[in-house]
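Q: Have a look at this prediction, sequence included:
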Amino acid sequence: MKILIDNGHGRETAGKRSPDGRLLEWSYNREIASRVVDALTSLGLDAELLVPEDEDISLYERCRRVNRLCLQLGKRNVCLVSIHVNAAGHGDKWYNAEGWCCYTTPGQTAGDVLANFLCQAALQNLAGHRMRFDYTDGDADQEEAFYILRHTACASCLTENGFMDCHRSCDFLLSDEGKAAIVQLHVEGIKAYVDSLNQD
Ligand SMILES: [Zn+2]
């Protein structure tokens, strides 16, 4: 299983930041994504960064990279997790929204299975934090037709790891404990997903 970790935005996406400028989403996502890839690799899994560059790589190009691997390896042998930090506004002021969530495209897809494992791992690793789960369709993930989910052939999901424009959430995200929890939930969720496929 080729595990691709996407880190969303690039250096140029200036608006994606905490109001005090301590957390820049492009940079934070990259730190978390690199740590997730390193941890998965040390578990013997085949993980890599979808965007090793610091600059903004277009969604079109990111999807092209994913789909090229899907063609080479078979789409069932590839999965994608795109790591983000949520915001209620545009980096202009503080808000109160908090919580963790995971998105898949609408309907039952391979991404739902992966999302399920990520939601379970989030519950374990973010005890006491708000979970923005949506059970209206029977599972915990949220559904949204994000470009990177819609235009990739493999199992894919997108995580929004707290809110950079909520003071409390931002402090947690920047703490050593917060970073370790966000990394760990991705590692545990992805590992459980890969293990579940190996049992089939
Ligand atoms: Zn984002």
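A: Sure thing, it's come through.
Q: Next up, phi/psi of residue 83, please.
A: phi -100, psi 130 (degrees, to the nearest 10).
Q: give the contact list for it.
A: Residues in contact with residue 83, defined by CB atoms under 8 Å, 6 or more residues apart in numbering, are 5, 6, 7, 8, 29, 32, 33, 36, 158, 159, 161, 186. Where C-beta positions appear, they are placed from N, C-alpha and C, glycine not excepted.
Q: what's the helix or strand bottoming out on mean pLDDT in the chain in contact with?
A: Ranked by mean pLDDT, DSSP states H and E, the weakest helix or strand in the chain is strand 142-143, scoring a mean of 90. Contact with strand 142-143 is made by 101, 102, 103, 104, 105, 106, 107, 132, 133, 134, 137, as judged by CB under 8 Å, 6+ apart.
Q: go with 6 Å
A: 101, 103, 104, 106, 134 (CB atoms under 6 Å, 6 or more residues apart in numbering).
Q: now that strand, how far from the chain's geometric center?
A: How far strand 142-143 lies from its chain's middle: 13 Å, per CA atoms, centre = their mean, to the nearest Å.
Q: and what of stretch 75-91?
A: The chain centroid and the centroid of stretch 75-91 are separated by 4 Å under CA atoms, centre = their mean.
Q: That one: which residues count as buried?
A: 75, 78, 79, 80, 81, 82, 83, 84, 85, 86, 87, 91 (16 or more other CB atoms under 10 Å).
Q: show me what contacts the nearest residue to the second one once chain neighbours are set aside?
A: Read it as residue 78. Nearest residue to residue 78, sequence neighbours excluded (CB to CB, 6 or more residues apart in numbering): residue 154, at 4.0 Å. By CB under 6 Å, 6+ apart, the residues touching residue 154 are 70, 75, 78, 79, 80.
Q: Same question for residue 35.
A: Residues in contact with residue 35 (CB under 6 Å, 6+ apart) are residue 183.
Q: Next secondary structure element downstream of whichever strand or helix holds it?
A: Assigned by DSSP states H and E, residue 35 belongs to helix 25-42. Counting by DSSP H and E, the next helix or strand C-terminal to helix 25-42 is strand 46-49.
Q: Give the pairing partners of that following strand; include direction for each.
A: strand 2-6 (parallel) (DSSP bridges).
Q: Just the residues contacting the partner strand, thanks.
A: Applying CB under 6 Å, 6+ apart, the contact partners of strand 2-6 are 33, 36-37, 40, 45-47, 49-50, 66, 69, 73, 78-82, 190.
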